[in-house]
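Participant: Pasting a predicted model and its sequence here:
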2 protein chains.
Amino acid sequence: MTELTYPGGKVRLYVEAALAGGARVAPDEGQAHYLLHVMRAKEGDKISLFNGRDGEWLAHVAEVKKRACTFVCKHRLAPQTDVPDLWLCFAPIKKTPADYMVQKATELGVSALQPVLTRRTIVTRVNLDRMRTNAIEAAEQSGRMTVPEIREPVTLEKLLRDWPAARRILFCDEAGEAPPIAEALREGGPGSWAIVTGPEGGFDPAERALIRAHPAAIPVTLGRRILRADTAALAALAVWQSLKGDW
Amino acid sequence: MTELTYPGGKVRLYVEAALAGGARVAPDEGQAHYLLHVMRAKEGDKISLFNGRDGEWLAHVAEVKKRACTFVCKHRLAPQTDVPDLWLCFAPIKKTPADYMVQKATELGVSALQPVLTRRTIVTRVNLDRMRTNAIEAAEQSGRMTVPEIREPVTLEKLLRDWPAARRILFCDEAGEAPPIAEALREGGPGSWAIVTGPEGGFDPAERALIRAHPAAIPVTLGRRILRADTAALAALAVWQSLKGDW
C-alpha cells in the first residue's frame, strides 16, 4: 500500500460520481490507463478524489484488471471549498496558446471560462472538450476542489445583453484611456466579477464603445506594452486574485 | 511605399547596429527571410527599428535582392525608454513552457532573465540562444525598446553569494508561512527588484532557508492553489508591475 505520487504531490483525480465513506467509483478510460499503465498502480494504492461537491477523499485502488479498476473511498481529507466568483471572458486563440491559457487560468482560480466571438476573432472553432480536459488536469494538479465551468461560445453582443446585473466587468482595454488595473481595483468590493479581454488585434471601436457603455464595466489598462491576448488574460487574473481574490 | 503591418501593428525589428538619420543597417539572415519571403517586402516599404539604445526609428527597405536587403533609417519615431529594473530568477523548465515563459516575461516587462540551478531542477540544459530569440521576438511585438538581458545559468548558492546589495528579492515561497504578495509589496520602494521562483516540486528545505536568511529577501505567497513554476513566475511579474512597476 503506497501513496501514488508525482513530482508535486499525491495523485489527485476529478470524478463525476458522489463521494462518501465506502463509495465505489469507476475511473474513466483515460484515468484507468494513466493509473494502471503510466503510474503502475497496484491493489491498495492510495490516491485522492474530488468531484466539485463533496470535498477531497482518500481512496484505495481496488479490483485491478488489465484495463480497469475501482476506487474505494475511505475517509474525507478536506472539506469542499470554492474559488472566488471570477469569470474569464476571452476571444478564442490558437490551439497551443489556448491550452496554456485554460491550464493557467484554472491554476489562478477562475470559476468559469467563457469564449466570446468578436469581430476580429480569427479563431472561430472552439474545442470545448479539449478546454474541459485541460481544465480538469489543471484542477487536479493545482489542488483545486472544483473544475471551472466551460461555457458555450457567445457573441460579445449576446454576452452583454444577457449580463447578470450584479457582476462587475473588468475590461482590459488596450486602446483607450483607462486607469491602471491596481488603481481601478481599489474600488468595488469582492463579490462577482468577470475579466473581459479581446482578440489578437483588439476589439474594434464599436465593440469597445459597447463594453464601456455597460453599467457594470470598469475599463483598465495593463501598462503601455502590447500584451498578447493570453498574456493579458493571465496578468489580469493574477492581479485580480492578489487584490480582490483569495491570495 | 506601404507600411508593413501584421495583425497588431507595424513590423518592428530589433537590430544591433547604431540607429541615426541616414544610417544603413543590414538585417540578419532570419530577418531578411521574414521580410522578403513571409511579408513580401518591396523597395521603399516602411518598418520600424530599435536597438535598445537609440529609440525607435522609421526605416525604408532598400536594395532588395533575392536573399538580402538594407534598411535606411529616416527619422526617429520615439525616444529610448526602459522597463523597470526587475529580474526574473527562475529554475529552467521544459522547452515549450520555457518558450512561453520567456515570451510572456518579456511582454510583462522584465529587465533580465536569470536561469537558476536548484537541487530539484530537472531540466539542466538551458538553451540561451533559444531564450534570446524568443525574447527578441516578444520585444519586437510588445513595443518594448529593449530586449531583456539573458544571463548564464548559475547555482542558487552562487546567485545569492554574489547578490547586489540594493536589489530586493521577492521570494515566491510555496512551502511556508509568508504574507500575500499584495500585502508584502505595500512595503519597499520601486528601485531594483528580482522575483525568485522555484522548480516544479519547489525548492528543497535547505534552499528555502538559505533564501529566507538573505537580508534582501521578502517571502510571499501566491494563494493556496499549487501553481506551475511558469504560472507562478508570470503571476508574480504581473502583480509586481501593477503595484511597483510601470503599469
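Facilitator: Thanks, I have it.
Participant: that's a helix at residue A:114, yeah?
Facilitator: No: assessed with DSSP: H, G, I helix; E, B strand; the rest coil, residue A:114 is strand; it does not lie in a helix.
Participant: and it, what does it touch?
Facilitator: A:87-90, A:151, A:154, A:159, A:194 (Cβ atoms under 8 Å, 6 or more residues apart in numbering or on different chains). C-beta here means a position set from N, CA and C on the backbone, and glycine is covered the same way.
Participant: pLDDT weak spots in chain A?
Facilitator: Low-confidence regions of chain A, defined by pLDDT under 70, span residues A:1-9.
Participant: Quick one: the helices in it, in order.
Facilitator: A:29-33, A:95-107, A:128-142, A:156-161, A:181-184, A:205-213, A:229-243 (DSSP state H).
Participant: and the angle for the last one with helix A:95-107?
Facilitator: Which is helix A:229-243. Calculated by axes from the mean of the first three to the mean of the last three Cα atoms, to 10 degrees, helix A:229-243 forms an angle of 10 degrees with helix A:95-107.
Participant: Tell me which other helices or strands helix A:229-243 touches.
Facilitator: strand A:86-90, helix A:95-107, strand A:168-172, helix A:181-184, strand A:193-197, helix B:95-107, helix B:181-184, helix B:229-243 (3 or more Cβ pairs under 8 Å, 6 or more residues apart in numbering or on different chains; DSSP states H and E).
Participant: just checking, what's the longest strand in chain A?
Facilitator: For chain A, the longest strand by residue count, based on DSSP state E, is strand A:70-78.
Participant: burial measure for the residue nearest to residue A:59 when sequence neighbours are not counted, as a count.
Facilitator: Excluding the flanking residues, the one nearest residue A:59 by Cβ to Cβ, 6 or more residues apart in numbering or on different chains is residue A:71, at 4.2 Å. Taking other Cβ atoms under 10 Å in any protein chain shown as the neighbour definition, residue A:71 ends up with a count of 26.
Participant: my guess is residue A:71 contacts residue A:27, does it?
Facilitator: Yes: assessed by Cβ atoms under 8 Å, residue A:71 is found in contact with residue A:27 at 6.5 Å.
Participant: and for these two, which residues touch both?
Facilitator: A:13, A:15.
Participant: What's opposite residue A:112 in the beta bridge?
Facilitator: For residue A:112, the beta-bridge partners are residue A:87, residue A:149 (DSSP bridges).
Participant: Who are the contact partners of it?
Facilitator: Going by Cβ under 8 Å, 6+ apart, residue A:112 touches A:87-88, A:148-151.
Participant: mind checking how far residue A:88 is from residue A:107?
Facilitator: Look at residue A:88 and residue A:107: by Cβ to Cβ, to the nearest Å, they are 12 Å apart.
Participant: Distance check, the residue nearest the centre of chain A against residue A:133.
Facilitator: Central residue of chain A (Cα atoms, centre = their mean): residue A:106, 3.1 Å from the mean position. Here residue A:106 is placed at a distance of 11 Å from residue A:133 (Cβ to Cβ).
Participant: now residue A:160
Facilitator: Counting by Cβ to Cβ, the gap from residue A:160 to residue A:133 is 29 Å.
Participant: Of these two, which one has the most company?
Facilitator: For residue A:160 versus residue A:133, neighbours defined as other Cβ under 10 Å are more numerous around residue A:160 (20 against 15).
Participant: Can you tell me the closest non-neighbouring residue to that one?
Facilitator: Nearest to residue A:160 is residue A:214, by Cβ to Cβ, 6+ apart, at 5.6 Å.
Participant: Span of stretch A:122-132 from start to end?
Facilitator: 21 Å (Cα to Cα, to the nearest Å).
Participant: about what we covered before: let me have the contacts of residue A:114 in a markdown table, extended by neighbour count.
Facilitator: Formatted as a markdown table, these follow (neighbours: other Cβ atoms under 10 Å in any protein chain shown):
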| residue | neighbour count |
| --- | --- |
| A:87 | 22 |
| A:88 | 27 |
| A:89 | 25 |
| A:90 | 26 |
| A:151 | 17 |
| A:154 | 16 |
| A:159 | 22 |
| A:194 | 24 |
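Participant: tell me which of these is nearest to chain B?
Facilitator: residue A:88 (14.1 Å; Cβ to the nearest Cβ).
Participant: Please identify the deepest-packed of the helices of chain A.
Facilitator: helix A:229-243 (a mean of 26; mean count of other Cβ atoms under 10 Å in any protein chain shown).
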